[in-house]
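predicted structure and sequence below. I'll ask about it afterward.
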Amino acid sequence: MTDQEQQWAQRAVRQFMESWQRSGLSHIKHIEPAPVAPTPSVNVVGTPVPETKTPLQTRPVEAVSPPERMPVSVGEPAAEIIAATIEPRKEMSVPRTTKSKLSKADRQAQLDIVAEEVSQCQKCPELASTRTQTVFGVGNPSAKIMFIGEAPGADEDKQGEPFVGRAGKLLDKIIEACQMKRSEIYIANILRCRPPGNRNPTDQEAANCRGFLDSQIEIVDPDYIVCWGSVAAKNLLHSEMPIGKMRGQFYEYGRAKVVCTYHPSYLLRNPSAKKNVWDDMIFLFQDMGIDLKATQN
């Protein structure tokens, strides 16, 4: 890549990142029609919009009121956080309808630029002061499937790569059982820094890191996303539904179909749930035209 091309790529990614920092300004919530007259949603600029929803699979969903909006902390860009609701969000801020035509090399170059920005991030003072290093993401930059977990743990913080501890080893076995390699998938987390004591990410921390996650999704442009655990599902889809109730169906996020399942660390504590995760993988790969049941024979 020439110097001019590198400068162009850097400008494009910076502009792209800035657009995602403003992403809260363009979210539109969709809700399931209720038996009574529906109350119209209101977008963030106060303009009423019609309530519509086209689920990939039908499942009754409790109708809820439009989400309230909370301003981000002073000093952040003019963005807003949409409060989590019982219903998963169905769209990205800038929905993609066609497959990205970027080459694998170009996608990796853009990811590298964003990763450099992540390494310098100081938005969360506690995380920035306690981390060993940031944990950006790893895998195929043009992957068909993207995995999203919660946050780095102690092993990830040391090695700078997501899912490398005990839960990561179990995830590798799941990937192998699906007749795939880890290198074929792109893996990221809601956070790119380890929370002290491996606590759950706060809403503000997740919001601070959201632009980086959406950049990764936009650049990789996967056909499928797997949310591993309730933290990933809640933050990606803005839903408070228990992970058990989110299983067994697809959600939409931009162009991608999203599947939610239990986190590998949960499986370490509850081995009986491995069957549920395997059922979720069968469900996912069946949509891809692959019969995982047949691969076991």
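Nice, I can see it. This structure is a prediction, so every number in the text was calculated from the model and none was measured. Numbers count the residues shown, from 1 in each chain.

pLDDT below threshold where in the protein?
1-97, 296-297 (pLDDT under 70).

do a quick rundown of the strands in it.
41-42, 48-49, 69-71, 80-82, 137-139, 145-149, 186-189, 224-228, 251-253, 256-261 (DSSP state E).

check the gap between G160 and F136 for me.
Between G160 and F136 the computed distance is 8 Å (CB to CB, to the nearest Å). C-betas here are computed from N, CA, C, even on glycine.

these two: which has the busier surroundings?
The neighbour comparison of G160 against F136 (other CB atoms under 10 Å) goes to F136, with 22 against 15.

so what's that one closest to, chain neighbours aside?
Residue nearest to F136 in three dimensions, not counting chain neighbours: A115, with 4.2 Å by CB to CB, 6 or more residues apart in numbering.

isn't the one you found up against V138?
No. Counting by CB atoms under 8 Å, A115 does not reach V138; the two are 10.2 Å apart.

with only the CA atoms kept, save stretch 264-280 in PDB.
C-alpha atoms of stretch 264-280 as PDB (Å, rounded to 0.1, in the frame of the first residue of the first chain):
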ATOM      1  CA  PRO A 264     -18.500 -21.100  27.300                       C
ATOM      2  CA  SER A 265     -17.700 -20.000  30.900                       C
ATOM      3  CA  TYR A 266     -21.300 -20.800  31.800                       C
ATOM      4  CA  LEU A 267     -20.800 -24.300  30.300                       C
ATOM      5  CA  LEU A 268     -17.800 -24.900  32.500                       C
ATOM      6  CA  ARG A 269     -20.100 -24.300  35.500                       C
ATOM      7  CA  ASN A 270     -23.100 -26.000  34.000                       C
ATOM      8  CA  PRO A 271     -22.000 -28.900  31.700                       C
ATOM      9  CA  SER A 272     -25.500 -30.000  31.100                       C
ATOM     10  CA  ALA A 273     -26.000 -26.800  29.000                       C
ATOM     11  CA  LYS A 274     -23.500 -28.000  26.400                       C
ATOM     12  CA  LYS A 275     -26.400 -29.800  24.700                       C
ATOM     13  CA  ASN A 276     -28.300 -26.500  24.400                       C
ATOM     14  CA  VAL A 277     -25.300 -24.800  22.800                       C
ATOM     15  CA  TRP A 278     -24.800 -27.700  20.400                       C
ATOM     16  CA  ASP A 279     -28.500 -27.400  19.400                       C
ATOM     17  CA  ASP A 280     -27.900 -23.700  18.700                       C
END
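
ok, and what's touching that stretch?
Contacting residues not belonging to stretch 264-280 are listed as 163, 166-168, 170-171, 174, 177, 228-229, 247-248, 259-262, 292 [CB atoms under 8 Å, 6 or more residues apart in numbering].

filter these down to just the ones in helices.
Taking DSSP state H as the definition of helices, those contribute 166-168, 170-171, 174, 177, 292.

tell me the most packed of the residues you listed, by neighbour count.
L171 (25 neighbours).

ok, that residue - contacts?
L171 touches 147, 163, 228, 264, counting by CB under 8 Å, 6+ apart.

do that again at 10 Å, thanks
147, 149, 162-165, 182, 185, 187, 228, 263-265, 267, 277 (CB atoms under 10 Å, 6 or more residues apart in numbering).

mutual contacts of G160 and F136, please.
119, 152.

any idea how far the closest residue to V114 other than its chain neighbours is from Q110?
Using CB to CB, 6+ apart and skipping the chain neighbours, the partner closest in space to V114 is S215 (4.9 Å). Look at S215 and Q110: by CB to CB, they are 8 Å apart.

do the same with R210
In terms of CB to CB, R210 sits 18 Å off from Q110.

now stretch 191-204: buried residues?
Buried residues in stretch 191-204, counted by 16 or more other CB atoms under 10 Å: 191-195, 200-201.

what's the closest of these to M241?
Of all those, M241 sits closest to N200, with 16.5 Å by CB to CB.

I figured the closest one hits S230, correct?
Yes. With contact defined as CB atoms under 10 Å, N200 reaches S230; the gap is 9.1 Å.

any common contacting residues for those two?
By CB under 10 Å, 6+ apart, the residues touching both N200 and S230 are E150.
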